[in-house]
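> Take this sequence and fold it.
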Amino acid sequence: MVESERELLLRNLGEYFKFAESAFREKSYNVAVTLYFKALVSMCDLEILRREGRIPSNHTERFALARKKYQELYDVLDKCFPLYRDSYVLRIEKDTAEFIRTEVYGLAERLGIGLKKER
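Okay, here's the model as predicted:
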């Protein structure tokens, strides 16, 4: 069975989010930030697919399109992308992981995407 682009994005989003939450609970904040950012990208791609009928092919295209046409998406990506990059070369602290986690929940709520909040 071939998945639609939307179904694939939703499945990836669920996987990224589930394991981000697990990493957050385990205090693996670098992993959590990386996966939360991937969840954000999946949500942005879902919204762009809904509005444009296509998915951006890379971060450069995604950022350019969001900046030009979808300011709300761009603002979240712009705030969180440096944290994602930092997760490769720095030790991420809990407050940074909490910040991006909050952004994930906020964007999901604004876009009407249900995420199961874990404790």
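
> Flag every buried residue along the longest helix seen in the chain.
If you go by DSSP state H, the chain has its longest helix at helix 29-52. Residues of helix 29-52 classed as buried: 29-49 (neighbour count, 16 or more other CB atoms under 10 Å). Yep, even glycine has a C-beta here, placed from its N, CA and C like the rest.

> Where do the strands of this protein begin and end?
Counting by DSSP state E, the chain has no strands to list.

> center of it - which residue?
The residue lying closest to the centre of the chain (CA atoms, centre = their mean) is residue 40, at 1.3 Å.

> So that one sits against residue 107, correct?
Yes. Here residue 40 reaches residue 107: they are 6.3 Å apart, a contact under CB atoms under 8 Å.

> what touches both of these two?
residue 76 (CB atoms under 8 Å, 6 or more residues apart in numbering).

> Check residue 114 and give its pLDDT.
What the model reports as pLDDT for residue 114 is 86.

> Quick check on it: phi, psi?
Main-chain torsions, residue 114, degrees, to the nearest 10: phi -80, psi 120.

> got the contact list for it?
Residue 114 makes contact with residue 108 under the criterion CB under 8 Å, 6+ apart.

> which residues sit in contact with the residue nearest to the centre of the chain?
Residue 40 is in contact with 76, 77, 80, 100, 103, 104, 107, counting by CB under 8 Å, 6+ apart.

> how far away is it from residue 63?
To residue 63, residue 40 is 12 Å away according to CB to CB, to the nearest Å.

> Find residues that contact each of the two.
Joint contacts of residue 40 and residue 63 (CB under 8 Å, 6+ apart) are residue 77.

> As a check, name the ranges of all helices in the protein.
Under DSSP H, the chain gives helices at 5-25, 29-52, 59-69, 71-86, 94-111.

> Need those in TSV (columns: mean pLDDT).
Listed next are those as TSV, based on pLDDT from 0 to 100:
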stretch	mean pLDDT
helix 5-25	96
helix 29-52	97
helix 59-69	95
helix 71-86	96
helix 94-111	97
